[in-house]
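Asker: fold the following.
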Amino acid sequence: MIKNKLLLCFLYTFTLLINAEYSAIPGELIAIKLKKSTENIISNELVVEDDLNKVIIIPIPYNNTNLSLDLYDIQINIQKKDFGESRITIDNLSQVDLNNEDAARAYKESRLIKDAVKTYSNNFKPLLDFISPVEGIISSRYGKKRFINNSPRSPHLALDIAAPEGSPIIAPAYGKVILTGNFFYGGNYIILDHGYGLLSSYSHLSEILVNKGDIVKQSDLIGKVGSTGRVTGPHLHWTVYLNEIRINPESLLKDNYLSTLLESI
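Answerer: Numbers count the residues shown, from 1 in each chain. Alright, predicted model coming up:
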């Protein structure tokens, strides 16, 4: 009987250790050491490798709160996090309750963006060494629950940086311009492809200073801060995607971010 209890205790502890092998926060990236049995199923994902290991960089979706993910035969426990809330007032009600024409335009533009973020360029691999695209004050962080005119909306899955009108916006990392335009919500808008499913977008610009197809290096000027589209004041709305999932841009600004991710495995 004692042996059976010890065995059950061991199995329970072992299960906990397996389940606790990887733990992550919604909106963050996690590095996973690939097993030999799963190495061959990787195609365009962001993989870092050396002579001994292959490590895949995985985005954790915002909506997987207090749940778990099973990826590549590995379980990832998702931690619960309170991101807080953001409340804004928009006086122009035509930008809140859209008429049929504006709704059709916004939907068409959303499809353009969704198609663009499915881009997987394999000509260059990101180093995850981003710098801030603009000097300013963070006015709204990633993940906040949003209320517009006291009505609940989709969560804020980007980083808002307030800065004076006309402030320079630079490329945070090497990339290719894959979309530009003037959109209903985003105003003057840019998407950069950084390779292997990592992309970033820039909304509400007063000026776009690049063209689709341009290659930009880190710190190259790409635009200027503005208040175009649906806004309450001049700022940059900066979104970062990996594998079509919007992640926390602020995390990529940490010093030695990739090294920190790899050290966590």
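Asker: for the rest of this, base every contact and every neighbour count on C-alpha atoms.
Answerer: OK.
Asker: got a list of what Leu209 touches?
Answerer: Applying Cα atoms under 8 Å, 6 or more residues apart in numbering to Leu209 gives the contacts 221-224.
Asker: tell me how far it lies from Val117.
Answerer: Distance check for Leu209 against Val117: by Cα to Cα, to the nearest Å, it reads 21 Å.
Asker: tell me what the helix or strand that contains Tyr202 is packed against?
Answerer: Per DSSP states H and E: Tyr202 is located in strand 198-205. Strand 198-205 sits against strand 187-195, strand 235-242, with contacts defined as 3 or more Cα pairs under 8 Å, 6 or more residues apart in numbering; DSSP states H and E.
Asker: run through the protein and note the low-pLDDT ranges.
Answerer: 1-21, 36-43, 50-51, 64-66, 90-91, 93-96, 150, 153 (pLDDT under 70).
Asker: what about the nearest residue to Ile245 once chain neighbours are set aside, neighbour count?
Answerer: Leaving aside its sequence neighbours, Ile245 sits nearest to Pro61 (Cα to Cα, 6 or more residues apart in numbering; 6.2 Å). Neighbours of Pro61 under the rule other Cα atoms under 10 Å: 19.
Asker: all further residue positions should be reported with the first residue as 406.
Answerer: I'll keep to 406 as the first residue from here, and by that count the last item is Pro466.
Asker: need the helices for the protein, in chain order.
Answerer: Remark: helices assigned in the chain by DSSP state H are 407-424, 505-521, 662-668.
Asker: mind checking how far the last one is from the chain centre?
Answerer: Relative to the mean C-alpha coordinate of its chain, helix 662-668 is positioned 17 Å out (Cα atoms, centre = their mean, to the nearest Å).
Asker: then it to CSV, C-alphas only?
Answerer: Extracted in CSV, the C-alpha atoms of helix 662-668 (Å, rounded to 0.1, in the frame of the first residue of the first chain):
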residue,chain,number,x,y,z
TYR,A,662,15.7,39.8,-26.0
LEU,A,663,16.5,36.7,-28.1
SER,A,664,19.2,35.6,-25.7
THR,A,665,16.8,36.0,-22.8
LEU,A,666,14.2,33.8,-24.6
LEU,A,667,16.8,31.1,-25.3
GLU,A,668,18.1,31.2,-21.7
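Asker: other SSEs contacting that helix?
Answerer: strand 434-438.
Asker: mind running it again at 10 Å?
Answerer: Applying 3 or more Cα pairs under 10 Å, 6 or more residues apart in numbering; DSSP states H and E, one finds that helix 662-668 contacts strand 434-438, strand 459-464.
Asker: who's in contact with it?
Answerer: The contact list for helix 662-668, computed with Cα atoms under 10 Å, 6 or more residues apart in numbering, reads 434-438, 453, 460-462, 532-535, 656-657, 659.
Asker: 6 Å - rerun?
Answerer: Contact partners of helix 662-668, identified using Cα atoms under 6 Å, 6 or more residues apart in numbering, comprise 436, 533.
Asker: what residues of it count as buried?
Answerer: Of all the residues in helix 662-668, those buried under the rule 16 or more other Cα atoms under 10 Å are 662-663, 667.
Asker: so which of those residues is the closest to Ser491?
Answerer: Ser491 has its nearest neighbour among those in Tyr662, at 27.4 Å by Cα to Cα.
Asker: and Ile536, how many neighbours?
Answerer: The burial count for Ile536: 17, using other Cα under 10 Å.
Asker: can you pull the contacts of Val565?
Answerer: Quick fix: residue 565 reads Asp, not Val. 543-545, 641-642.
Asker: most neighbours, which of the residues you listed?
Answerer: Tallying neighbours with other Cα under 10 Å puts Leu641 at the head of the contacts of Asp565, with 31 neighbours.
Asker: just list the residues touching it, thanks.
Answerer: Contacts for Leu641 (Cα under 6 Å, 6+ apart) come out as 565-566, 630.
Asker: Leu604 too?
Answerer: 597-598, 645-646 are the contacts of Leu604 under Cα under 6 Å, 6+ apart.
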